[in-house]
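Novice: no sequence for this one, just the structure:
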């Protein structure tokens, strides 16, 4: 990143984005989620500090483990997929994060709702 921001400013920026943002560290622990992750069913703060696998169904854990392993190993740099949750379609983008020396730091997940089929928006 170019420049230096106070944590409060970076937090405000992440919270105003129109997407859900999660960072999972190299130990597969959820470290950060922005406020848009908050839903009536789920408080993002309750997931911070827990394994990313704790918020997956038993059936989906092997797929999540494989994706994270591929991102960690460099076999994949990123992957996008469409998932259905809560009766909505969501685009999810997973990206491996590395420091300047190439060390794996974790994964960012960006999630946003897809418009219903035939819906058009101007924004």
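Specialist: Alright, I've got the coordinates. Every value quoted in this text rests on a predicted model; they were computed, and no experiment measured them.
Novice: wait, what's in contact with residue 56?
Specialist: Residues in contact with residue 56, defined by Cβ atoms under 8 Å, 6 or more residues apart in numbering, are residue 64. (Each C-beta comes from the backbone N, C-alpha and C, glycine too.)
Novice: and the helix or strand of the chain with the lowest mean pLDDT, what does it pack against?
Specialist: Between all helices and strands in the chain, the lowest mean by mean pLDDT, DSSP states H and E belongs to helix 44-47, at a mean of 72. Other elements packing on helix 44-47 under the criterion 3 or more Cβ pairs under 8 Å, 6 or more residues apart in numbering; DSSP states H and E are strand 30-33.
Novice: contacts for the strand it packs on, please.
Specialist: Strand 30-33 is contacted by residues 14, 20-25, 44-45, 47-52, 55, 106 when judged by Cβ under 8 Å, 6+ apart.
Novice: among those, name the ones in strands.
Specialist: If you go by DSSP state E, these have 20, 21, 22, 23, 24, 25, 106 in strands.
Novice: now, of these, which are buried?
Specialist: Burial by neighbour count, 16 or more other Cβ atoms under 10 Å: within the ones in strands among the contacts of strand 30-33 this picks out 20, 21, 22, 23, 24, 106.
Novice: please name the bridge partners of the residue most central in space within the chain.
Specialist: Geometric centre of the chain, nearest residue: residue 109, 1.9 Å, by Cα atoms, centre = their mean. For residue 109, the beta-bridge partners are residue 22, residue 94 (DSSP bridges).
Novice: would you mind measuring from it to residue 8?
Specialist: 23 Å (Cβ to Cβ, to the nearest Å).
Novice: cool, and residue 50?
Specialist: Applying Cβ to Cβ to residue 50 and residue 8 gives a distance of 24 Å.
Novice: who has more neighbours out of the two?
Specialist: Taking other Cβ atoms under 10 Å, residue 50 and residue 8 do not tie; residue 50 has more neighbours (12 against 8).
Novice: who are the contact partners of the more buried one?
Specialist: So residue 50 contacts 29, 30 (Cβ under 8 Å, 6+ apart).
Novice: residue 52 now?
Specialist: 24, 28, 29, 30, 64, 68 are the contacts of residue 52 under Cβ under 8 Å, 6+ apart.
Novice: that'll do, ta.
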